[in-house]
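Trainee: sequence first, predicted coordinates after that:
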Amino acid sequence: MAIDCLVLGAGQEVGKSCAVVTIGGKRIMFDCGMHMGYLDRRRYPDFSRAAPDGDFTGALDCIVITHFHLDHVGALPYFTEVCGYRGPIYMTFPTKALAPLMLEDYRKVMVERRGEEEQFTAEHIAACMKKVIAVDLKQTVQVDSELQIRAYYAGHVIGAAMFYAKVGDSALVYTGDYNMTPDRHLGAAQIDRLHLDLLITESTYATTVRDSKYTREREFLMAVHKCVAGGGKVLIPTFALGRAQELCMLLDDYWERMNLNVPIYFSAGLTIQANMYYKMLINWTSQKVKETYVTRNPFDFKNVRNFDRSMINSPGPCVLFATPGMISGGFSLEVFKNWAPSEINLVTLPGYCVAGTIGHKLMSGKPTKIDLDKDTQIDVRCQIHQLSFSPHTDAKGIMDLVKFLSPKHVILVHGEKPKMASLKGKIESELGIPCYDPANNENVSVPSTHFVKACASDAFVRSSLSPNFKFSRRIGEYGFSHSGDTEVRPYLQVRDERVAEGIVVIEGNKAAKVIHQDELPNFLRKERHEVKFAYCFPAHSTKKNEEPDHNFTDGLQCSSRQCSLLRALLCELSKEFRQEEIQDFGEYIKVESLHVAVCSTDQCPYRVGDHPLSGRGSMFLCCSWLAGDEQLAWKLISTIKTLDLGLPL
């Protein structure tokens, strides 16, 4: 059994997240995004690789969308309404509510620039969203009789979720985008400790460890305050949902504390509608926001107003949040063209910018000119300020999640190639987990877990039951009697011989069966065979012709001389090998598989060579043991040979 991951997007790049995962015979498409840096067919994943015959409904069991950002959901209406996918689509309730707003805003921007060519329509968006099945956090959804999925809180943006998928014994988690630290309006990602074969995680900030949130916020506020104090205008290009609310909360609070009167604007339309949804989805926000909501709605910003296009060239300082982020088009591009030529103005980029966007060009080194198209060139003289207010987790957060979940394998997506390679090496060296960083259209196959159901034999069940007692006598105490002679006190040894392991047998097409090891010869129709060793040698004593000490022989079923020798041997071994379990069985003693008895055969085949102590009246000890206890056996034999048992021989 294996899990196959075909990366159709976000392979060694940030943009158009899309991965088709085959697990237990089921195929799931995780995310269906577009690339914001392209305007041609490259902005969509190559869907033909998921179903060469074009039958996407038959090729996929379901689609899972992690959140409403366009690089995760932007291609969905095109895939369902143009390509023809008709199967189930799953996302959280907030994502289902907010994704249409993002899609429609993008559609309008693209229509303005390129017309309806290769685009989905407003009707396509509406029809697509009717196919969506909304899920709640930690709700286990049974897609079919075998496949189940479950959503976990991811932070990042409101409604974002990590998704767990399980088929049989195989399981994986696809994170989408997530944040391991809380911010002003969202909590940190939360997930159960799961048994995973595979973790597919984003790696946007694969090598970045951010400084404290306080430091970043202070730097941002100082840059904005300095600009407006000098009469300049501040453009904050951001997507309408997520960072816009986070930064508005920060600025609104700062404006109150500093008693500033400079206007803060939202570009009209989408962002105002988004704030309305944030008020409705308050339960998906951070604990601090929920507590504040008891007295006031934190998304009712006191200092934020609507902005109209006619105000672009109005005099005086201001702060403007304009969509879309990354200055990839739309109103933020229109404002940038007007404000960029002035040195007193500021463009602050609060998060990651995809390659190909104007935001990325500004972050890569301040340009003096930007060619928008063959007929338009933008003169850039304004200040450029970049801050990491990204809702993505950093390198430490990724490592913390991988360590917490401890999957058997990790696949990195949604990151830049050299940074992903660095993180891959760190995961493998520090955590010892195999890690992969595939490019777009590459497939990664990893083994998955498969448990075999087996019945148990009656003998194995009985041997596993509690209690399963075995009784034997053991010499464990020794001392001196009133007369000064050695006194040995035998006691009853009780052992619980339950077994915890059996032998799994699979015969032909029959179900697997767990049997006791003693049953194996009969099951194989073979005689039981054990490799045993034996050794016979004379006992050593300096006493002659004395009466035996009856304290050693009371109640024992053997000759007095033999029993006295074994009792003396037990007494000495109990002193020398306190850590071993020495059992008394009357006619022999036992340590593990080693049996020690007085030899009653004059011509014992296990006596090797002539012994100096051999002769009439000599007594021999015969030992036998299994191969597995050879080291222990020779250790005890060597010790016995040195003992002077002090008995009449």
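Mentor: Perfect, I can see it now. Numbers count the residues shown, from 1 in each chain.

Trainee: which strands and helices sit next to the helix of greatest length in the chain?
Mentor: Longest among the helix segments of the chain by residue count, using DSSP state H, is helix 93-114. Using 3 or more Cβ pairs under 8 Å, 6 or more residues apart in numbering; DSSP states H and E as the contact test, the elements touching helix 93-114 are helix 70-73, helix 76-77, helix 122-130, strand 132-135, helix 270-280, helix 330-339. To be clear about C-beta, it is placed using only N, CA and C from the backbone, and glycine gets the same treatment.

Trainee: next helix or strand past the fifth one?
Mentor: Downstream of helix 270-280, the first helix or strand assigned by DSSP states H and E is helix 287-293.

Trainee: next: the last one.
Mentor: Along the chain past helix 330-339, the next helix or strand (assigned with DSSP H and E) turns out to be strand 346-349.

Trainee: ok, and what's touching that next one?
Mentor: For strand 346-349, the external contacting residues (Cβ atoms under 8 Å, 6 or more residues apart in numbering) are 220, 223-224, 227, 232-237, 326-327, 336, 339-340, 359, 362-363, 382-387.

Trainee: now the buried members of those.
Mentor: Among the contacts of strand 346-349, those buried by neighbour count (16 or more other Cβ atoms under 10 Å) are 220, 223-224, 227, 232-237, 326-327, 336, 339-340, 359, 362, 382-385.

Trainee: in strands, which of those appear?
Mentor: Counted as lying in strands by DSSP state E, out of those, are 233-237, 383-385.

Trainee: can you list those residues in a markdown table and add distance to Asp300?
Mentor: Rendered in a markdown table, the data for these read as follows (distance: Cβ to Cβ, whole Å):
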| residue | distance to Asp300 |
| --- | --- |
| Lys233 | 25 |
| Val234 | 22 |
| Leu235 | 24 |
| Ile236 | 20 |
| Pro237 | 24 |
| Gln383 | 31 |
| Ile384 | 32 |
| His385 | 28 |
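
Trainee: in the stretch 501-649 of the chain, which spans are helices?
Mentor: Using DSSP state H, counting those that start in this stretch, the helices of the stretch 501-649 of the chain run over residues 520-523, 560-576, 630-642.

Trainee: let me have these in a markdown table, extended by mean pLDDT and distance to Ile506.
Mentor: Formatted as a markdown table, the helices of the stretch 501-649 of the chain follow (pLDDT from 0 to 100; distance: least, Cβ to Cβ, whole Å):
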| stretch | mean pLDDT | distance to Ile506 |
| --- | --- | --- |
| helix 520-523 | 81 | 12 |
| helix 560-576 | 81 | 44 |
| helix 630-642 | 89 | 32 |
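
Trainee: most tightly surrounded among those helices?
Mentor: helix 560-576 (a mean of 20; mean count of other Cβ atoms under 10 Å).

Trainee: and that helix, C-alpha only, in CSV?
Mentor: The C-alpha trace of helix 560-576 is given here as CSV (Å, rounded to 0.1, in the frame of the first residue of the first chain):
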residue,chain,number,x,y,z
SER,A,560,20.0,-37.7,51.0
ARG,A,561,23.4,-37.2,49.4
GLN,A,562,21.9,-35.9,46.1
CYS,A,563,19.4,-33.6,47.9
SER,A,564,22.1,-32.3,50.2
LEU,A,565,24.3,-31.4,47.3
LEU,A,566,21.5,-29.6,45.4
ARG,A,567,20.4,-27.7,48.6
ALA,A,568,24.0,-26.6,49.2
LEU,A,569,24.3,-25.5,45.6
LEU,A,570,21.0,-23.6,45.8
CYS,A,571,22.2,-21.8,48.9
GLU,A,572,25.5,-20.8,47.3
LEU,A,573,23.9,-19.7,43.9
SER,A,574,21.3,-17.6,45.8
LYS,A,575,24.2,-15.7,47.3
GLU,A,576,26.1,-15.3,44.0
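
Trainee: now for this structure, the helix or strand with the poorest mean pLDDT.
Mentor: Ranked by mean pLDDT, DSSP states H and E, the weakest helix or strand in the chain is strand 469-480, scoring a mean of 53.

Trainee: wouldn't Pro407 be in contact with Leu199 here?
Mentor: Yes - using Cβ atoms under 8 Å as the test, Pro407 is close enough to Leu199 to be in contact (4.0 Å).

Trainee: okay, and the common contacts of those two?
Mentor: Common contacts of Pro407 and Leu199 (Cβ under 8 Å, 6+ apart): 172-173.

Trainee: what are the phi and psi values for Val167?
Mentor: The phi and psi values for Val167, taken as degrees, to the nearest 10, are phi -130, psi 120.

Trainee: so for Lys641, which of the helices and strands packed on helix 93-114 sits nearest?
Mentor: Taking Cβ to Cβ, strand 132-135 is the member of the helices and strands packed on helix 93-114 nearest to Lys641, at 75.1 Å.

Trainee: got the buried residues for that closest one?
Mentor: With burial defined by 16+ other Cβ under 10 Å, the residues of strand 132-135 counted as buried are 132, 135.

Trainee: rewinding a little: if you average pLDDT over each of the helices and strands packed on helix 93-114, which is lowest?
Mentor: Between the helices and strands packed on helix 93-114, the lowest average pLDDT goes to helix 270-280, which shows a mean of 69.

Trainee: what's the offset of stretch 378-394 from the middle of its chain?
Mentor: Relative to its chain's centre, stretch 378-394 lies at 32 Å (Cα atoms, centre = their mean, to the nearest Å).

Trainee: er, stretch 165-182 I mean
Mentor: Distance, centroid of stretch 165-182 to centroid of chain: 8 Å (Cα atoms, centre = their mean).

Trainee: list the contacts of the spatially most central residue of the chain.
Mentor: The residue lying closest to the centre of the chain (Cα atoms, centre = their mean) is Leu405, at 2.6 Å. Contact partners of Leu405, counting by Cβ under 8 Å, 6+ apart, are 173, 191, 193-194, 196, 199.

Trainee: now do 7 Å
Mentor: Contacts for Leu405 (Cβ atoms under 7 Å, 6 or more residues apart in numbering) come out as 173, 193-194, 196, 199.

Trainee: for Cys248, see how far away it is.
Mentor: 34 Å (Cβ to Cβ, to the nearest Å).

Trainee: for Met276, same thing?
Mentor: For Met276, the distance to Cys248 - Cβ to Cβ - is 14 Å.

Trainee: who has more neighbours out of those two?
Mentor: Cys248 (25 against 11; other Cβ atoms under 10 Å).

Trainee: and the residue lying closest to the more buried one once chain neighbours are set aside, which of the three is it?
Mentor: Distances taken as Cβ to Cβ, 6 or more residues apart in numbering put Phe301 closest to Cys248, at 5.3 Å, once the chain neighbours are dropped. With DSSP: H, G, I helix; E, B strand; the rest coil as the basis, Phe301 sits in coil.
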